[in-house]
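Student: Have a look at this fold, sequence not included:
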């Protein structure tokens, strides 16, 4: 990952193609297997893995991720040796799909129960990771929004739903099912907020919405600045709530500080101990505040 | 520490008196020893220590810090027992002062070598801590400002000095000596920048300066926003550079994200491994940018 990007999600977006389409691109030129340097922002011994797409036009060759430390070591060797032999064994295979579920909790709105606000994260994690930051953090924060309302005795005017989406990592089937159900039930979705970028200190919000919805969100910015959130900007919101765009709902993604996320993303060191309680809670409580504002004033 | 403060330095400022003046306040009422709950933002097994002032009017009783986890355990026991006996042994003593030095490196200014810019952190750390965040981070960042100028081939118009101040933790003797030398040599100090709040993601700058100096700094804010620094605000700068206020120099403190600092501050877990390379570098390069702007345009 190019370290010169300030936001590491941009560096990831720039580098992820080496994993996602690298194997087929290598097979095109006759490769019999591929070892991909991990998309990671640090140097350590943990391989980071993730979605890989095979192009049916070329042989489906074995592909593995190696850690940044091991990739550096191989690069070093390649500079000093004319011939370097490397081998690997992989036991990866695709299992069949199995039945799983979104987990949903909601508080019915006091005045406008038919106007629905969704706040969510995703329940699954990538293979070898415990998934504490991706996306245990977002799940806990979404539950915390509901808990905070109950703890403070604040009853929202509009319905607030915490949704722990299943299967974000492998096709977003849970998000698709939630959207399909919303359409089938003719639900009125006005707003959705997703946390799926780690439980780090919140920096701002990324918004997919109409101009008038965006202007209304912007008016609330001064309320967030004392908590360290300095912007609403137009951009992507989240994979899971993205399906709801067709309902006309305003979609918002929490943007935490990105510096440490790709030290852990899709790797075995994405563990509970790597989450800062204060950082996690600061994100949760700002999510709760935004949900509260929309629940009280609506969003048109 | 009260967890409701968003900036943990405010929580520390609120709570530190229990350690700094707790022993004498307890001795006033007949205590023979004091165990102080650590000023820490998390719950773990590491005691955090720091400056304690004895009031000569009362007996100088032994005082120790205990970890937040152990303090919680004692509190729990106190709720269930009528009588609780606790003892401790301490071997603490004051050693004599010993000779030590500030470490200074500078690049002479191209056009105005007599106008001096100081960028610094402090070289010492509190007793039981390795001091990676407090303040190895600030030292490395200050050196990095000089290194960045050399690496990029940029020669500043004004003199830039990286100063690793000695003895910040126990009286700021190094800062005093640097100031005394500046006065004795009739040096012209125009600007000083300190990093002594950890090597975490930079959020903004805190400024002690005249209104005109502050307005000039504010004009540069748009240059920092793409790097995630959203404010210059009036406030304290740093213990070491604070001495320079009398010279008329504008003083600025780097303000990193504060959420994790007091998990580590003055405790044995303030180690190299707790520093994020990306977060540290992001602070350093924004320090270098601010120093560069002042070196080029001055500050009146």
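Tutor: Nice, thanks for sending it over. Keep in mind that what you see is a predicted model, and the values were worked out from it rather than measured.
Student: Residue A:292 - how many residues pack around it?
Tutor: Applying other Cβ atoms under 10 Å in any protein chain shown, we find 19 residues neighbouring residue A:292. To be clear about C-beta, it is placed using only N, CA and C from the backbone, and glycine gets the same treatment.
Student: Likewise for residue A:31?
Tutor: Close neighbours of residue A:31, defined as other Cβ under 10 Å, add up to 17.
Student: and if you look at the one 5 residues further on?
Tutor: Counted with other Cβ under 10 Å, the neighbours of residue A:36 add up to 21.
Student: Show me the strands paired with the one helix or strand it maps to, marking each as parallel or antiparallel.
Tutor: If you go by DSSP states H and E, residue A:36 is part of strand A:34-37. The strands that strand A:34-37 pairs with in its sheet are strand A:63-66 (parallel) (by DSSP bridges).
Student: all helices of the stretch 151-300 of chain A, in order?
Tutor: A:173-184, A:211-219, A:221-224, A:261-264, A:277-297 (DSSP state H, counting those that start in this stretch).
Student: Let's verify the spatially most distant residue from the centre of chain A: helix, strand, or coil?
Tutor: Taking Cα atoms, centre = their mean, the residue of chain A most remote from its mean C-alpha position is residue A:82, at 42.2 Å. Secondary structure, DSSP: H, G, I helix; E, B strand; the rest coil: residue A:82 is coil.
Student: Name all residues that make contact with it.
Tutor: Not one residue lies near residue A:82 by Cβ atoms under 8 Å, 6 or more residues apart in numbering or on different chains.
Student: How about residue A:115?
Tutor: Counting by Cβ under 8 Å, 6+ apart, residue A:115 touches A:109, A:158, A:159, A:188, A:190, A:298.
Student: host element of it?
Tutor: Per DSSP H and E: strand A:112-122 holds residue A:115.
Student: The closest residue to residue A:103 other than its chain neighbours pairs with what?
Tutor: Take residue A:103 and drop its neighbours on the chain: the residue closest to it by Cβ to Cβ, 6 or more residues apart in numbering or on different chains is residue A:164, 4.2 Å away. Residue A:164 forms beta bridges with residue A:103, residue A:121, as assigned by DSSP bridges.
Student: cool, and residue A:159?
Tutor: As for beta bridges, residue A:159 partners with residue A:116 under DSSP bridges.
Student: List, one by one, the residues from chain A near chain B.
Tutor: A:3, A:6, A:8, A:41-42, A:201, A:203, A:226-228, A:230, A:257, A:259-260, A:263, A:276-279, A:282 (Cβ under 8 Å from any Cβ of the partner chain).
Student: what about residue A:164, how many neighbours?
Tutor: When neighbours are counted by other Cβ under 10 Å, residue A:164 registers 23.
Student: give the contact list for the residue of the stretch 101-250 of chain A found nearest chain B.
Tutor: Minimum separation of the stretch 101-250 of chain A from chain B (Cβ to the nearest Cβ) falls at residue A:230, amounting to 4.3 Å. Applying Cβ under 8 Å, 6+ apart to residue A:230 gives the contacts A:203, A:204, A:221, A:224, B:230.
Student: tell me the contacts of the third one?
Tutor: So the one you mean is residue A:221. Residue A:221 touches A:229, A:230, A:231, A:232, counting by Cβ under 8 Å, 6+ apart.
Student: For those residues, could you give me JSON lines that also reports pLDDT?
Tutor: Below are those laid out as JSON lines (pLDDT from 0 to 100):
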{"residue": "A:229", "pLDDT": "98"}
{"residue": "A:230", "pLDDT": "97"}
{"residue": "A:231", "pLDDT": "98"}
{"residue": "A:232", "pLDDT": "98"}
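Student: Determine which two of the contacts of residue A:115 are furthest apart.
Tutor: A:159 and A:298 (12.1 Å; Cβ to Cβ).
Student: so what sits against both of these two?
Tutor: Common neighbours of residue A:159 and residue A:298 (Cβ under 8 Å, 6+ apart) are A:112, A:115.
Student: So which of these two has more stuff around it?
Tutor: Applying other Cβ under 10 Å to residue A:159 and residue A:298 shows that residue A:159 carries more neighbours, namely 22 against 15.
Student: Return the residues in contact with the residue nearest the centre of chain A.
Tutor: Taking Cα atoms, centre = their mean, the centroid of chain A lies closest to residue A:196, which sits 3.1 Å from it. By Cβ under 8 Å, 6+ apart, the contact set of residue A:196 is A:121, A:122, A:134, A:135, A:138, A:168, A:238, A:239, A:240, A:253.
Student: same thing but 10 Å
Tutor: For residue A:196, the contacting residues are A:120-122, A:133-135, A:137-139, A:165, A:168, A:237-241, A:253-254, A:256, by Cβ atoms under 10 Å, 6 or more residues apart in numbering or on different chains.
Student: Next: residue A:237.
Tutor: A:192-194, A:196, A:205-209, A:244-245, A:249-254.
Student: Separate out the buried members of the residues you listed.
Tutor: In those, burial by neighbour count holds for A:192-194, A:196, A:205-209, A:244-245, A:249-254, counting by 16 or more other Cβ atoms under 10 Å in any protein chain shown.
Student: Give me the subset of the residues you listed that lies in strands.
Tutor: Of the positions in these, A:192, A:193, A:194, A:205, A:206, A:207, A:208, A:250, A:251, A:252, A:253, A:254 sit in strands, assigned by DSSP state E.
Student: can you pull out the helices in the stretch 1-150 of chain A?
Tutor: Using DSSP H, counting those that start in this stretch, helices in the stretch 1-150 of chain A cover A:8-15, A:17-20, A:22-28, A:68-80, A:137-152.
Student: Quick check: which of these has the most neighbours on average?
Tutor: helix A:137-152 (a mean of 20; mean count of other Cβ atoms under 10 Å in any protein chain shown).
Student: could you check the angle strand A:112-122 makes with that one?
Tutor: Relative orientation of helix A:137-152 versus strand A:112-122 (axes from the mean of the first three to the mean of the last three Cα atoms, to 10 degrees): 140 degrees.
Student: can you list the ones in strands among the buried ones among the contacts of residue A:237 in CSV and add pLDDT and distance to residue A:74?
Tutor: Output for those, formatted as CSV (pLDDT from 0 to 100; distance: Cβ to Cβ, whole Å):
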residue, pLDDT, distance to residue A:74
A:192, 98, 43
A:193, 98, 42
A:194, 98, 37
A:205, 98, 41
A:206, 98, 37
A:207, 98, 42
A:208, 98, 41
A:250, 98, 47
A:251, 98, 42
A:252, 98, 42
A:253, 98, 36
A:254, 98, 37
